[in-house]
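>>> fold the following and give me the result.
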Amino acid sequence: MRQLRKENTMKKPLAEFIGTFTLVLLGCGAAVIAGDAIGFAGISFAFGLALIGMAYGIGPVSGCHINPAVTLGVVASGRMSVGDAIPYIIAQVAGGIAGALVLMIIASGQADYSVATNGLGQNGWGPGVFNEYSMAAAFIFEVVATFLFVVVILGATGSNAPAAMAGLVIGLALVVIHLVGISVTGVSVNPARSIGPALFVGGTAIAQLWLFIVAPIIGGVAAGILFKSGLLDPDDA
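Numbers count the residues shown, from 1 in each chain. Below is the predicted model of the structure:
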C-alpha cells in the first residue's frame, strides 16, 4: 500500500517533468537547431505544437501545467493548493534544466556549435539581444503575455468549457504569443523554460533571469486572482 501511494504521488510531478522537458527541448531546439531554416513562425509553432502534444499526452494525469506561472495562477484561482503546487514547480524546473542539457548535448554534435556563441534559446533584452528592446518593454510584455496566456488556460479548462478543445486552444495561444514576442524577449511566459537554458549559457542570461521568473509569476497570479474574483464566471455573464 505504501509503495502504491508513493507511485501515485509521483505520477503528476513525473508528468510535469516530461512535459516541461519536451517543451524546452523541442521549442528551444527549434530555435537553436532549425531557427535559420524555419524562422520566427516555425519556432512559434514548435513551442505551440509541443504544448498541444503534451496537453493531450499528460493532461489527463497532471493537467499539463508545465509552467510554474501557470501552476501559481491555478493556485491563485483556488483550483489547487500550495502544497500540491510545490512538487509541480520542482518537477517543472527540473524538466526545463534536463531539456536544456539534452539540447546542449545534441547541438554540440555540430562542429561549429558553441554555447557562448549560439546559445540555447535563452531569453533576454537590451543591446545585442533580439531587437534590443528595453528592460521595461521586456517586463511589460512578459507580465501581459503571461496574464493573457493564463486567462486562456483557466478559461479553456473551466467546468463550462469543452474539454476536448482545451489543448488545441492553449497551444495556439502560445503560438500567437511567440509570433508577437520573440523579437522582444525570445518569449518566456514560463520561468522553467527560462531557467534551463540560462543555467548553461551563463553570463547575461543568468543576470537577466530574474525578469523571466518575476514577470511571468506576476502575470500568472494576476490571471488567477481575476478568475477567483468571479468576474469571468460564465454563469454571471
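
>>> my guess is Gly59 contacts Leu168. True?
No. If you go by Cβ atoms under 8 Å, Gly59 and Leu168 don't touch, sitting 11.3 Å apart. The C-beta positions use only the backbone N, C-alpha and C, and glycine is treated the same way.

>>> between those two, which one's more packed in?
Gly59 (20 against 15; other Cβ atoms under 10 Å).

>>> may I see the buried residues of stretch 205-220?
205, 208-209, 211-213, 215-220 (16 or more other Cβ atoms under 10 Å).

>>> for stretch 85-98, same thing?
Those would be 85, 87-89, 91-98, for stretch 85-98 by 16+ other Cβ under 10 Å.

>>> the protein: strands as residue ranges?
Applying DSSP state E to the chain gives no strands.

>>> so how far is Phe212 from the closest residue in space to Tyr133 that isn't next to it in sequence?
Leaving out its chain neighbours, the residue that sits closest to Tyr133 by Cβ to Cβ, 6 or more residues apart in numbering is Val184, at 4.9 Å. With distances taken as Cβ to Cβ, to the nearest Å, Val184 is found 12 Å from Phe212.

>>> Glu16 too?
19 Å.

>>> do Val150 as well
Taken as Cβ to Cβ, the span from Val150 to Phe212 is 15 Å.

>>> tell me the pLDDT at the residue nearest to Leu120 when sequence neighbours are not counted?
Distances taken as Cβ to Cβ, 6+ apart put Pro197 closest to Leu120, at 3.8 Å, once the chain neighbours are dropped. We have a pLDDT of 98 for Pro197.

>>> going forward, the N-terminal residue is numbered 444.
Taking 444 as the first residue, the last one we looked at is Pro640.

>>> so Pro640 makes contact with Asn561?
No. With contact defined as Cβ under 8 Å, Pro640 does not count as touching Asn561 (11.3 Å).

>>> identify the contacts common to these two.
Overlap between the contact sets of Pro640 and Asn561, as judged by Cβ atoms under 8 Å, 6 or more residues apart in numbering, is nil.
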